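A.B. asks: Kindly generate the corresponding structure for this input.
(chains A and B)
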Amino acid sequence: MEEQHIEEMKKKVIEAVSKCRICMSCYADCPLYESTRGFVTQGPSGITRALYYGIRWDALDGKDGQDLRDILYACTTCGSCEVRCKKSACNIPLVEIIETGRKLLVEKMVGPMPKQIKVLESLDRNGNPYGEPAEERTQWLGSIDPQDTAKIKLVQGDLKTETLLFVGCTSSYERDLVNVPGSIVKIFNHMGVDYGILKDEKCCGDPALRLGEAGLFEEMAEKNTKVFEQAEIKRIVTISPHCMSSFSQDYPDLPNNITIQHYTEFFAEQMSAGNLKPQKSLKKKVTYHDPCYLGKHNDIYETPRQILTWIAGDSFVEMEHNREQALCCGGGGGRMFVEIEEIERLSEKRVQQALDVGAEIIATACPWCYSQIADGIKTSGNEGKILVKDIAELIAESL
Amino acid sequence: MEVIVAIRQTPLLDGEIVLTADEKSVEIEGLKYHINEWDLYALEEALRLKTEIGARITAVSVGGKATEEAMYYCIAAGVDEAVLIEEESSYQLDSSSIATLLEKFTSMRVFDLFLTGVQSEDTGCGEVGAILATKLCVPQAAVVMKIKSLNPEESIVVQRELEDGFSDVQRLSLPALLTIQTGINQPRYVSTMHLRKARNKGSIMRISPLDLSTGTGLPAPKKTMKRAFLPEVGSVKLEFIDGVTAADKAKNIVDRLYGMEVL
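C.D. replies: Below you'll find the predicted structure:
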């Protein structure tokens, strides 16, 4: 990164943080502050202020840089702080500031957190953050109904597809989640959608960006964009809100004629048009956990609820914290790959909120939220009392 | 203070290994490479000395065209000089030959400290450091887990890892050679931007073995491979144990183990 660009990033942070009135209202919904020991640097304006002084005092490397790294990388980048800040009329881009700080630390060779280094190396080498072999990415296809697999167009070489199902890394490699892409494939086939998946799909690059590795993200975005253009794709339907958010907000050169949708948006559209009709209604009480990158980052709150209401009717209930106030699962911002000390696990807290409203199922629409909540159910000793399900699974079960 | 750190590029071990027809080596075609893990820790230790006492760091490697990438990595990480002793057949060289080439190079320099990794991921011999120290006639400490103190004009005190959790502390007069153990530090992450800059603007000093007064070029090997072979893999049966709750799964595992008369 050129020196000039680094100075511009620093200037941007200084200017943005200088506008903060330190009203502390951003702490009210901050999941990090909520789940830790409550130090001032474990909340949004404290984190950004630490960065401010790190820049001002030229303390971005060495031991000072490492201390700052531990502060900056603890954030889940959920965006709750920005929602609050917007309401207080300051409208400070707190998440953007934190991510800029991470980029500065990566350039100083202080970031990311040691355990996240393997994630970046694997993204570069294998095209996924999990250290899994690239050639095993489509192995999940072997675990679903062969009749469904047979209808999938595997896009490679000169083969084209207008609609692409972007499966994503977690849905491809996480064995416990195989039913999620499996359900989407089943629904697509049920509706007779002409679609394809990429034979050599690579990560969207979101983890690189969140961890501050802007250069790697740029390279991944460039390669993926080229693949999308070559396959003449017009619509990308993603399983993960993180992929959707990266494609729509962070890819610099994605052609404007490509529509990016999270699968909940696509299915809600199809339901409204009468192309997708649930046949069986869900008898169990279900609640919905808002994924941060669907809700707070992309303002998609009602579409998943619309689907759940279609499927579950009156059995759909809201948790105490929902929509803009929804509690983060704790897996965003690169925290899926590192353990941050918490007094109470965010996912366990979320499970308790669901139990409090009598829910038997926590529905969500993000592979990371799914994994975090599944863990939270186990670690809080609530196995057998409540289940986590992806909305796609519930739709598929209703057909 | 002048520090030289030896770097080896080794194949990534996450792919399938294919032996050559003569069963004396592995097929290098299609292999992906990275820097030997132990050497990354040695490099980081050298860079730490640069930050703390302003040491000047030279990274040196014996390797072919593919090793250029490792050299650019070293430049991106912050070394002052990257030297590649160009030898395409470096993967066939034995430890003695590599140590000889490094010794010839080092004898043209003034150095205070030479760092190598304890061993390489590919051959796992752990010999280059010891042979090189002998050839250079400098004291050596093997499997160093900590540099405790350093007097740049005089000596270095290091803690070495022994068996069973034991360690010892040694003082070595300088110049000296240390073989560095993994875990001594946390190697830094070198970003794509830094790597890009190193590839565009960095410069690698290239030396031919012929320039190193090794007679005909490559030193004669002291060791030759008789036969390389892959371990025989027995048939492995994989079974996933079902169960709704963790308790169910645990019970099913225990039942299964009883059934197999393992318990």
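A.B. asks: the strands in the stretch 1-150 of chain B, which residues?
C.D. replies: Taking DSSP state E, counting those that start in this stretch as the criterion, the stretch 1-150 of chain B contains strands spanning B:2-6, B:9-11, B:33-35, B:56-63, B:81-86, B:113-117, B:140-151.
A.B. asks: To clarify, my last question referred to the stretch 51-200 of chain A.
C.D. replies: Under DSSP E, counting those that start in this stretch, the stretch 51-200 of chain A gives strands at A:153-155, A:163-166, A:195-198.
A.B. asks: Out of those, which gets nearest to chain B?
C.D. replies: Chain B lies closest to strand A:195-198 among the strands of the stretch 51-200 of chain A, at 21.4 Å (C-beta to the nearest C-beta). From N, CA and C alone the C-beta is placed, and that goes for glycine too.
A.B. asks: Give me the distance from that closest one to the chain's centre.
C.D. replies: 21 Å (C-alpha atoms, centre = their mean, to the nearest Å).
A.B. asks: Highest mean neighbour count out of the strands of the stretch 1-150 of chain B?
C.D. replies: Comparing those by mean neighbour count (mean count of other C-beta atoms under 10 Å in any protein chain shown), strand B:113-117 ranks first with a mean of 27.
A.B. asks: Quick check: which ranges of the chain have low pLDDT?
C.D. replies: No chain in the question, so chain A it is. A:1 (pLDDT under 70).
A.B. asks: meant chain B actually
C.D. replies: B:214-217.
A.B. asks: how much space between B:Leu132 and B:Ser213?
C.D. replies: 16 Å (C-beta to C-beta, to the nearest Å).
A.B. asks: Looking at the two, which is more packed in?
C.D. replies: Per other C-beta atoms under 10 Å in any protein chain shown, whichever of B:Leu132 and B:Ser213 has more neighbours is B:Leu132, with 25 against 9.
A.B. asks: And what about the nearest residue to A:Asp124 once chain neighbours are set aside, helix, strand or coil?
C.D. replies: Spatial nearest neighbour of A:Asp124, chain neighbours left out: A:Leu216 (6.0 Å); criterion: C-beta to C-beta, 6 or more residues apart in numbering or on different chains. Under the three-state scheme (DSSP: H, G, I helix; E, B strand; the rest coil), A:Leu216 adopts helix.
A.B. asks: wait, B:Asp122 sits on B:Thr10?
C.D. replies: Yes: the pair B:Asp122 / B:Thr10 is scored as a contact, 4.5 Å apart, by C-beta atoms under 8 Å.
A.B. asks: Tell me how many other residues surround the residue of the stretch 51-200 of chain B found nearest chain A.
C.D. replies: For the stretch 51-200 of chain B and chain A, the shortest gap (C-beta to the nearest C-beta) falls at B:Thr192, measuring 3.1 Å. Burial of B:Thr192 is recorded as 21 neighbouring residues (other C-beta under 10 Å).
A.B. asks: Within range of chain B, give me the residues from the stretch 201-350 of chain A.
C.D. replies: A:Glu213, A:Ala214, A:Gly215, A:Leu216, A:Glu218, A:Glu219 (C-beta under 8 Å from any C-beta of the partner chain).
A.B. asks: and those residues as CSV, adding neighbour count?
C.D. replies: Below are those laid out as CSV (neighbours: other C-beta atoms under 10 Å in any protein chain shown):
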residue, neighbour count
A:Glu213, 30
A:Ala214, 24
A:Gly215, 19
A:Leu216, 23
A:Glu218, 20
A:Glu219, 17
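A.B. asks: As a markdown table, the residues you listed with distance to A:Cys90 would be great.
C.D. replies: Listed next are these as a markdown table, based on distance: C-beta to C-beta, whole Å:
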| residue | distance to A:Cys90 |
| --- | --- |
| A:Glu213 | 29 |
| A:Ala214 | 26 |
| A:Gly215 | 31 |
| A:Leu216 | 32 |
| A:Glu218 | 30 |
| A:Glu219 | 35 |
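A.B. asks: Ramachandran angles for B:Glu161?
C.D. replies: For B:Glu161, the backbone dihedrals (degrees, to the nearest 10) come out as phi -90, psi 130.
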